[in-house]
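> sequence and computational prediction follow.
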Amino acid sequence: MSMRDVKAIKNIVKEHTEWRGSCINLIASENVASRAVREMLISDLGNRYAIGFLHNRFYSGTKYVDELEGYTTDLARRVFRAEHVNYVPISGTMANLVLFNALTDPGDVVTALSVIDGGHASFRECSKIHGVSLVPLPFSMETMNVDIGEAERLIARVKPKLVLLGASEILFPHPVREIRRIADEMGAAVAYDAAHVLGLIAGGTFQDPLKEGADVITGSTHKTFFGPQGGIILCKGRYAKAIDNAAWQLVNNHHIHRVAGLAVALAEFLAFGQEYAAQIVKNAQRLAEYLYSMGLDVLGSKMGFTRSHEVIFRAPNNNGDASAKRLEDANIITTKTPLPTDKTEEECSGVRLGTQEITRLGMNEDEMTKIAEFIKRVVIDREAPSNIREDVKKLAAEFGEVKYAFEGGDEAYKYLSL
């Protein structure tokens, strides 16, 4: 590859970084990391292996890696209040595959929400890879949650080895205690996919699945939790060996630079996480209220719209794809999403928003009014996105620094060069 190609690649990344810094970023599965976290990602650790377990590696040259992972494990246990932590999975999907590998055998039955009801696609894909039967948990549009009565009847009928709660579209805490009682009658394990709400769980503003009866939590470390991209598993001590063995069967190298970044983010979360998580939820509730008052069909209105970082609304003409594209043209970045009332998961009549990234930049309830107005102008008033784009850029320019971090003046969307 010529130097011209290298320059072209760098320019693409620079342009992307500059553009996203001029946007209101509302994708519920993304966040910004502090400079201290990003510094870890460009370290020498990114070129190293650490195959094996703490102080028991296959490769030499890992004495500092062992020291780092000792720190990381201690911090993670404190942040998540967990007996055991495994951060070997390099994504939330990989964490779910480790879960399936550790707690089920091919031919077993697993119950979890379907994609159209808010479940993540990894539930289905992991079941295919591991050879288990995935049976959808019943969902209630009335409560925007798992239907407990129907779930009890289903679990009694199919006798699953594992009941998996959690979802990608998750507005309200899931009924962990109730499912724990039902699962105990069948001898099933209970797990919880916290990919989206991991930071809210750590911050004490959503629910505590391990305390409420879950055996295992899987998660992503880059959504409401503001670390580098990656996966994590939290579990009761009795599952530690099974989880660790399954993880190392599936992941040869767990990207040590990511672990270093995670350790920094954990330290940041210990200092700022509770305040940060609480503001995420306040912002989401206020954004939902404003959107609803402006005429959008926001889900969950009877229950207060949301208790998480997510806001979901039904798009005009049931066309979430068209609304998401128009919003992107106005520099408002969202996600189209299927709703339980859609005939197929490809229809996507909804739009999903998340407040975790804009909260990390210091926005609060006052800014939610402005963002809701921008969305109304695009989606309801059908104003030309180009007219709104400059207003969006002005607001974004006021909030370009990472907050809830140890370093001040930390530019969120600055291209870092060596």
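On my side now, so go ahead.
> so which elements touch the worst-scoring helix or strand of the chain on mean pLDDT?
The least trusted helix or strand in the chain, going by mean pLDDT, DSSP states H and E, turns out to be strand 52-53, with a mean of 83. Judged by 3 or more CB pairs under 8 Å, 6 or more residues apart in numbering; DSSP states H and E, strand 52-53 is in contact with helix 240-250. For the C-beta atoms, the positions are set from N, CA and C on the backbone; glycine is no exception.
> buried ones in the helix it packs on?
240, 242-244, 246-248, 250 (16 or more other CB atoms under 10 Å).
> what helices and strands are in contact with the following helix or strand past that helix?
Using DSSP states H and E, the helix or strand that follows helix 240-250 towards the C-terminus is helix 256-293. Helices and strands touching helix 256-293, by 3+ CB pairs under 8 Å, 6+ apart, are helix 35-41, helix 63-80, helix 198-202, strand 297-298, strand 310-314, strand 350-354, helix 356-360, helix 365-379.
> need these in TSV (columns: mean neighbour count).
Output for those, formatted as TSV (neighbours: other CB atoms under 10 Å):
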stretch	mean neighbour count
helix 35-41	19
helix 63-80	17
helix 198-202	28
strand 297-298	19
strand 310-314	27
strand 350-354	27
helix 356-360	28
helix 365-379	19
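> right, and the ones you listed - which one's nearest Glu407?
helix 35-41 (6.1 Å; CB to CB).
> mean confidence (pLDDT) on that closest one, please.
Helix 35-41 shows a mean pLDDT of 97.
> which elements pack onto that helix?
Helix 35-41 packs on helix 256-293, going by 3+ CB pairs under 8 Å, 6+ apart.
> okay, the angle between the helix it packs on and strand 350-354?
120 degrees (axes from the mean of the first three to the mean of the last three CA atoms, to 10 degrees).
> got the buried residues for helix 256-293?
For helix 256-293, by 16+ other CB under 10 Å, it's 256-269, 272-273, 276-277, 279-292.
> next, the angle from that helix to helix 365-379.
Using the same axes, to 10 degrees: helix 256-293 against helix 365-379 is 70 degrees.
> ok, back up a step: okay, the helices and strands packed on helix 256-293 in JSON lines with distance to Ser127 next?
Output for the helices and strands packed on helix 256-293, formatted as JSON lines (distance: least, CB to CB, whole Å):
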{"stretch": "helix 35-41", "distance to Ser127": "32"}
{"stretch": "helix 63-80", "distance to Ser127": "26"}
{"stretch": "helix 198-202", "distance to Ser127": "22"}
{"stretch": "strand 297-298", "distance to Ser127": "32"}
{"stretch": "strand 310-314", "distance to Ser127": "24"}
{"stretch": "strand 350-354", "distance to Ser127": "24"}
{"stretch": "helix 356-360", "distance to Ser127": "28"}
{"stretch": "helix 365-379", "distance to Ser127": "36"}
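> show me the one of those that comes nearest Thr337.
strand 350-354 (4.3 Å).
> with only the CA atoms kept, save the closest one in CSV.
The C-alpha coordinates for strand 350-354 follow below in CSV (Å, rounded to 0.1, in the frame of the first residue of the first chain):
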residue,chain,number,x,y,z
GLY,A,350,-39.8,2.6,15.4
VAL,A,351,-36.9,4.9,16.1
ARG,A,352,-34.7,4.3,19.1
LEU,A,353,-32.8,7.1,20.9
GLY,A,354,-30.2,6.9,23.7
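> show me what that strand is packed against.
Checking 3+ CB pairs under 8 Å, 6+ apart, strand 350-354 ends up next to helix 256-293, strand 310-314, helix 320-329, strand 335-337.
> what pairs with it, and is each one parallel or antiparallel?
Looking at strand 350-354 with DSSP bridges, its partner strands are strand 310-314 (antiparallel), strand 335-337 (antiparallel).
> centre of the chain versus it, how much separation?
In terms of CA atoms, centre = their mean, to the nearest Å, the centre of strand 350-354 is set 13 Å apart from its chain centre.
> Ser127 against Thr111, yeah?
No: counting by CB atoms under 8 Å, Ser127 does not reach Thr111; the two are 10.4 Å apart.
> give the residues shared as contacts by the two.
Leu134 (CB atoms under 8 Å, 6 or more residues apart in numbering).
> neighbour count winner among these two?
Thr111 (26 against 22; other CB atoms under 10 Å).
> helix, strand or coil: sort out the more buried one for me.
strand (DSSP: H, G, I helix; E, B strand; the rest coil).
> for Ile90, what are its contacts?
Per CB under 8 Å, 6+ apart, neighbours of Ile90: 230-231, 251, 254-255, 258.
> from those, which is closest to Ile371?
Gly230 (28.6 Å).
> got a list of what the closest one touches?
87, 89-91, 220-222, 255, 258, 262.
> so what does it have for phi and psi?
The phi/psi pair for Gly230 (degrees, to the nearest 10) reads phi 170, psi 180.
> any idea of the mean pLDDT in stretch 218-237?
98.
> hmm, I typed the wrong one, I wanted stretch 188-206.
98.
> returning to what we had before: as TSV, the buried residues of helix 240-250 with pLDDT would be great.
Listed next are those as TSV, based on pLDDT from 0 to 100:
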residue	pLDDT
Ala240	97
Ala242	97
Ile243	97
Asp244	96
Ala246	96
Ala247	96
Trp248	92
Leu250	93
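> on that earlier part again, quick one: which of the helices and strands packed on strand 350-354 is nearest Ala396?
Per CB to CB, nearest to Ala396 of these: helix 320-329, 13.8 Å.
> so Phe305 lies in a strand, does it not?
No: the assignment for Phe305, made by three-state DSSP, is coil rather than a strand.
> contacts only, for the residue nearest the centre of the chain.
Closest residue to the average C-alpha location of the chain: His196 at 2.7 Å, with CA atoms, centre = their mean. By CB under 8 Å, 6+ apart, His196 lies in contact with 28-29, 166-168, 170, 220, 223-224, 308-310, 354.
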